[in-house]
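need coordinates for the below:
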Amino acid sequence: MKKLFITLTLVLVLPVLSNGWGFFAHKTIAQVAVYALPKTMQAFYFRHLDEIVKKSVAPDERREADPAEAPRHFIDIDHFGDDPFGAMPKAWDEATAKYTADTLRKYGTVPWTVLEVKEKLTEAFRQRDTTAIIALSADLCHYIADAHVPLHTTVNYDGQLSGQTGMHSLWESKLPERHIAKYKLDSKPAKYIKDPQAAIWAVVQESYGFLGATFDLEEVVTRNFTPETKYTFSHRYGKTRRSYSDAFADAYHDKVGGMVAYRLKQAPTAVASMWLTAWQDAGRPDLNALMSRKPGKEEKARLAAELKLWDKNELVPQNMLLAMQKEKTVERADEINSADQTPTTAPAEAAPAPTVVPAPEPASMPVAPKKVKTKVKTEAGNAKQKAKAKAKKADDGW
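This next block holds a predicted model:
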């Protein structure tokens, strides 16, 4: 009994890390952002829609291999005092002069990451580099989307400091996956951004403004639940994990669903606007000339049909949201390997399709005031990791 108590205590204390909006929301934002583009860019981006949507989660996938990736997704702005937005210089050089680059990277760099990737995308447009344009557009989409999540602006990112562990995946993954049918995805069209630095910092500050309601409303809903009804436990790979129950998630969504829907609707416009800004800053290159073939009647008809569904908020009812569709498996010829070439690890399990709860009108928006991954390490892999840990970068510049 004592061992069971200790085990459950550890489960309740250990945070479950999440990487940003869940894959489902990231893919949704990427798709809608393409619809929000002007016609001069839309045909090119629609041609590569599937690829952009798929690559929109690439930054999260890189976190396992790249130790420098994680800080690019957030900024724990509340670490910098009671008036963090007044104290924090918005330009990277000024911020590093005040706090040092190491400190900024420790507490997150998402606004500066957005600006860095935007400049790289601008250069890719100048170079007419199709491959880079697609990859950087997807990356930029991811980081801007992450900046729209309130829990990406605080040290208490998972509720681990307030006894609310699990808040991260609840807010950004479970709520939109279960209630996407309630949200209006008809985001506003993209507009040129005169001051990208001010724009991304405004996004971060708006996200930070929702933190109070994010935590407070969880406490309000908790009053109607017992620990047995509030949480569910799962045991996998020798570890016990705790998560919020579906019943609690639905009750919590009744309180904060408007906030989640609001941020999910704003993100695609911000993404498309930053894409547009990079393109215009590069001299408005002819994107149609970068396509191997001009859009035919069928492709134009598909784009028109999807734009119509988007405008009427019918993407979900008509099953046209790519995030809700199963990815097509690539067929390969059978391989016969020798015994020493046979894989020793089991293939990864496919993620379950999100549960969509049909519903009426979206909840009213409150007043504004990390996915579990299993790594299998070999001895060689551990040696490489230790070698990497010893290596230090001399350049602290952004």
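
per-residue confidence averaged over the strand or helix carrying Thr277?
Using DSSP states H and E, Thr277 maps to helix 246-281. Averaging pLDDT along helix 246-281 yields 98.

ok, stretch 55-65 next?
Mean per-residue pLDDT for stretch 55-65: 95.

re earlier: identify each buried residue in the helix holding Thr277, please.
Residues 248-253, 255-281 are the ones in helix 246-281 that count as buried (16 or more other C-beta atoms under 10 Å). (C-beta placed from N, C-alpha, C; glycine too.)

so Leu287 touches Phe44, yeah?
Yes - using C-beta atoms under 8 Å, Leu287 is in contact with Phe44, at 3.7 Å.

of these two, who's got more company?
Ranked by neighbour count (other C-beta atoms under 10 Å), Leu287 and Phe44 place Phe44 first, with 22 against 19.

for that one, give its distance to Trp279.
According to C-beta to C-beta, to the nearest Å, Phe44 stands 10 Å off from Trp279.

need the overlap of contacts for these two.
Counting by C-beta atoms under 8 Å, 6 or more residues apart in numbering, the shared contacts of Phe44 and Trp279 are Leu287.

do you know the pLDDT at Glu349?
41.

let the chain start at 206 from now.
Okay, residue one is now 206; in that scheme the one you just asked about reads as Glu554.

number of nearby residues for Thr301?
By the measure other C-beta under 10 Å, the count of residues near Thr301 is 19.

identify the residue spatially nearest to it, adjacent ones excluded.
Nearest residue to Thr301, sequence neighbours excluded (C-beta to C-beta, 6 or more residues apart in numbering): Leu309, at 6.3 Å.

try Thr318
Of all residues not flanking Thr318 in the chain, Arg277 sits nearest, at 4.1 Å (C-beta to C-beta, 6+ apart).

neighbours around that neighbour, how many?
Residues within reach of Arg277, counting by other C-beta under 10 Å, total 25.

same check, this time on Ala238
Ala238, neighbours per other C-beta under 10 Å, totals 30.

look up how far Val461 lies from it.
23 Å.

so what's the gap between the strand or helix carrying Pro264 and the chain middle?
Assessed by DSSP H and E, Pro264 sits inside helix 263-267. Computed by C-alpha atoms, centre = their mean, to the nearest Å, the chain-centroid distance of helix 263-267 equals 10 Å.

that helix packs against which elements?
Applying 3 or more C-beta pairs under 8 Å, 6 or more residues apart in numbering; DSSP states H and E, one finds that helix 263-267 contacts helix 335-352.

which strands or helices does the helix it packs on pack on?
Packing partners of helix 335-352 (3+ C-beta pairs under 8 Å, 6+ apart): helix 228-240, helix 254-260, helix 263-267, helix 315-331, helix 401-414, helix 451-486.

that one versus helix 401-414: what angle between them?
Angle between the axes of helix 335-352 and helix 401-414 is 40 degrees (criterion: axes from the mean of the first three to the mean of the last three C-alpha atoms, to 10 degrees).

pLDDT on helix 335-352, on average?
Regarding helix 335-352, the rounded mean pLDDT is 98.

just the buried positions in it, please.
Within helix 335-352, the residues scored as buried using 16+ other C-beta under 10 Å are 335, 338-352.

now swap in stretch 513-530 and tell me
Neighbour counts using 16+ other C-beta under 10 Å place 514-515, 520-521, 526-529 of stretch 513-530 among the buried residues.

mind putting these into JSON lines with distance to Glu433, pLDDT and secondary structure?
Formatted as JSON lines, the buried residues of stretch 513-530 follow (distance: C-beta to C-beta, whole Å; pLDDT from 0 to 100; DSSP: H, G, I helix; E, B strand; the rest coil):
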{"residue": "Leu514", "distance to Glu433": "42", "pLDDT": "97", "secondary structure": "helix"}
{"residue": "Trp515", "distance to Glu433": "42", "pLDDT": "96", "secondary structure": "helix"}
{"residue": "Leu520", "distance to Glu433": "37", "pLDDT": "96", "secondary structure": "coil"}
{"residue": "Val521", "distance to Glu433": "33", "pLDDT": "96", "secondary structure": "coil"}
{"residue": "Leu526", "distance to Glu433": "34", "pLDDT": "97", "secondary structure": "coil"}
{"residue": "Leu527", "distance to Glu433": "37", "pLDDT": "97", "secondary structure": "helix"}
{"residue": "Ala528", "distance to Glu433": "32", "pLDDT": "96", "secondary structure": "helix"}
{"residue": "Met529", "distance to Glu433": "32", "pLDDT": "94", "secondary structure": "helix"}
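
need those residues in CSV (columns: distance to Trp297).
Shown next, in CSV, are the buried residues of stretch 513-530 (distance: C-beta to C-beta, whole Å):
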residue, distance to Trp297
Leu514, 40
Trp515, 36
Leu520, 37
Val521, 39
Leu526, 36
Leu527, 34
Ala528, 33
Met529, 38
